[in-house]
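Novice: Provided below are the primary sequence and the corresponding predicted coordinates.
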Amino acid sequence: MMDRRTLLRALVVGGAGALSVGGFLFTENIIGPYRLTARAIADRFEEVNGTFRGFRRNHAKGVAVRGYFESNGTGAELSTASVFRGGKYRLSGRFSLSGGNPYAADAADSVRGLGLCIQLPGDNQWRLAMINLPVFLDPTPQDFYDRMLAFAPDAATGKPDPRIMSDYLATHPGTVAAMAIAKAAPVAPTFTTTTFNGLNAFEMTNAHGVKVPVRWKLVPETTTKAPAVDRGPHYLFDRLIADIAQRPRRWAMVIVVGVPGVDRTDDATIPWPDGRKTVTVGTVVLTDITTETADNVRDLNFDPLVLPDGIAPSDDPLLSARSAAYAESFRRRTGEAGGRGAVEAGGRA
């Protein structure tokens, strides 16, 4: 389990940005009441993480995967979305680690990401962006932006200033509580033994018009405790590549059903109580893995607002701003040369 200093470093460098940012998007590219823009957020990522042309501004290091979602049909009790009709739906995706440097060495305490794009009938899609933290660390876009500045490395030391961090946390008790939850969560030894959480709330509507708040997570079939062996700068990815080459890897998709009017849907820092109803709606199966390029997922945004009918956004202010910030990152990297992934993998994805 990581100590407090290690946790803060991991979250500042990119874990908190794994879901990017939050807030309200207006046509003027403005997020929130203080003129916080997607452009400003991308600029701040570059300031903190550095700029690597052709790459995402956060979670820059990653590999492409391909496979399918096998729906078992039980999701129909919650939603009319076509993805919950029984059957197989092909998908593409991306595993990643937090941070803006695609060549950074792997570290066990780096926040892990998994983005998926599930192809549905009629050229529809469901895009999901998940990380291994159990909660987000900031309730609003402005909080996220302010914390990035407060926790930014000092130019002289290369480390965040403890006094500035302490002052920030003293006025943000929700972030303190969320960090404590994140710190208490065990870290899986490998990508394929990691549970990935959607964090934000959404709303599902079934054929009877019943609406319920939901969150989702992917729970791995593989639970071995064998760690990835640290033998090089890409050791976590090397293990991931070997695991998928050995056999397809599987995650159960679990929908957590909230209680309307009781469970918070507008604050991703607050977990819902244990014991809420869960519905296992199918299995994500990943069969192939390859180097990330423009030919697979480099130019694919895992935008959380790309949703099938039957699933809608909640009132969480993070959602629209994640969409805006992803679009800004896309605009920047697709206008730049480069972007071939630093992690070399085989496969046919």
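Specialist: Received it, and whenever you're ready, just let me know what you need. Numbers count the residues shown, from 1 in each chain.
Novice: and the gap between F45 and A312?
Specialist: 28 Å (Cβ to Cβ, to the nearest Å). Quick note: C-beta positions are derived from backbone N, CA and C, even for glycine.
Novice: surely I241 is in a helix?
Specialist: Yes. Judged by DSSP: H, G, I helix; E, B strand; the rest coil, I241 forms part of a helix.
Novice: the more surrounded of F45 and A312?
Specialist: A count of neighbours by other Cβ atoms under 10 Å puts F45 above the other of F45 and A312, at 26 against 14.
Novice: OK, contacts around that one?
Specialist: The neighbours of F45, taking Cβ atoms under 8 Å, 6 or more residues apart in numbering as the test, are 17, 57-58, 100, 148, 329.
Novice: which non-adjacent residue is nearest it?
Specialist: R57 (4.0 Å; Cβ to Cβ, 6 or more residues apart in numbering).
Novice: ok, V279 next?
Specialist: Nearest non-adjacent residue to V279 (Cβ to Cβ, 6+ apart): I255, at 4.7 Å.
Novice: tell me where this structure has helices.
Specialist: Ranges of helices in the chain, per DSSP state H, are 4-13, 38-49, 141-150, 162-170, 173-184, 235-246, 318-334.
Novice: quick one, the fourth one and helix 141-150 angle?
Specialist: Using axes from the mean of the first three to the mean of the last three Cα atoms, to 10 degrees, one finds that helix 162-170 and helix 141-150 are set 160 degrees apart in direction.
Novice: list the buried residues of helix 162-170.
Specialist: With burial defined by 16 or more other Cβ atoms under 10 Å, the residues of helix 162-170 counted as buried are 165, 168-169.
Novice: longest strand of the chain?
Specialist: strand 278-291 (DSSP state E).
Novice: parallel or antiparallel, list what pairs with that one.
Specialist: strand 61-71 (antiparallel), strand 249-257 (antiparallel) (DSSP bridges).
Novice: so where's the stretch 201-349 of the chain uncertain?
Specialist: 347-349 (pLDDT under 70).
Novice: now for G73, how many residues are close by?
Specialist: Neighbour number of G73 under other Cβ under 10 Å is 12.
Novice: what about it, distance to P260?
Specialist: From G73 over to P260 the distance is 24 Å, taken as Cβ to Cβ.
Novice: could you find the closest non-adjacent residue to A312?
Specialist: Using Cβ to Cβ, 6+ apart and skipping residues adjacent in sequence, the residue nearest A312 is E203, 4.7 Å away.
Novice: before we move on, back to that, tell me which of the helices of the chain is the most buried.
Specialist: Of the helices of the chain, the one with the most neighbours on average (mean count of other Cβ atoms under 10 Å) is helix 318-334, at a mean of 22.
Novice: pull the CA atoms of that one into PDB?
Specialist: Output of helix 318-334 as PDB, limited to C-alpha atoms (Å, rounded to 0.1, in the frame of the first residue of the first chain):
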ATOM      1  CA  LEU A 318     -17.400  16.500 -14.200                       C
ATOM      2  CA  LEU A 319     -19.000  14.800 -17.200                       C
ATOM      3  CA  SER A 320     -19.400  17.700 -19.700                       C
ATOM      4  CA  ALA A 321     -15.900  19.000 -18.900                       C
ATOM      5  CA  ARG A 322     -14.300  15.600 -19.400                       C
ATOM      6  CA  SER A 323     -15.800  15.600 -22.800                       C
ATOM      7  CA  ALA A 324     -14.500  19.100 -23.500                       C
ATOM      8  CA  ALA A 325     -11.000  18.500 -22.200                       C
ATOM      9  CA  TYR A 326     -10.800  15.200 -24.200                       C
ATOM     10  CA  ALA A 327     -11.800  17.100 -27.300                       C
ATOM     11  CA  GLU A 328      -9.100  19.700 -26.700                       C
ATOM     12  CA  SER A 329      -6.400  17.100 -26.200                       C
ATOM     13  CA  PHE A 330      -7.600  15.400 -29.400                       C
ATOM     14  CA  ARG A 331      -7.400  18.700 -31.300                       C
ATOM     15  CA  ARG A 332      -3.800  19.300 -30.100                       C
ATOM     16  CA  ARG A 333      -2.400  15.800 -30.700                       C
ATOM     17  CA  THR A 334      -3.900  15.300 -34.100                       C
END
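Novice: need the contact list for the residue most central in space within the chain.
Specialist: The chain has M130 as the residue nearest its centroid, 3.1 Å off, counting by Cα atoms, centre = their mean. Residues counted as contacts of M130 (Cβ under 8 Å, 6+ apart) are 113-116, 196-199, 217-218.
Novice: so among those residues, where is pLDDT lowest?
Specialist: Ranked by pLDDT, the contacts of M130 bottom out at L199, which has 93.
Novice: got a list of what that residue touches?
Specialist: Neighbouring residues of L199 by Cβ under 8 Å, 6+ apart: 19, 130-131, 133, 135-136, 215, 268.
Novice: who wins on neighbours among the residues you listed?
Specialist: The most neighbours of any of those, using other Cβ under 10 Å, belong to L19, which has 32 neighbours.
Novice: so how far is Q119 from A325?
Specialist: From A325 to Q119 the distance is 24 Å (Cβ to Cβ).
Novice: from what I see, the residue nearest to A312 and I311 are in contact.
Specialist: Yes. Contact criterion Cβ atoms under 8 Å: E203 and I311 qualify, at 7.3 Å.
Novice: which member of the contacts of L199 is positioned nearest A185?
Specialist: Of all those, the one with the least separation from A185 (Cβ to Cβ) is L133, at 7.1 Å.
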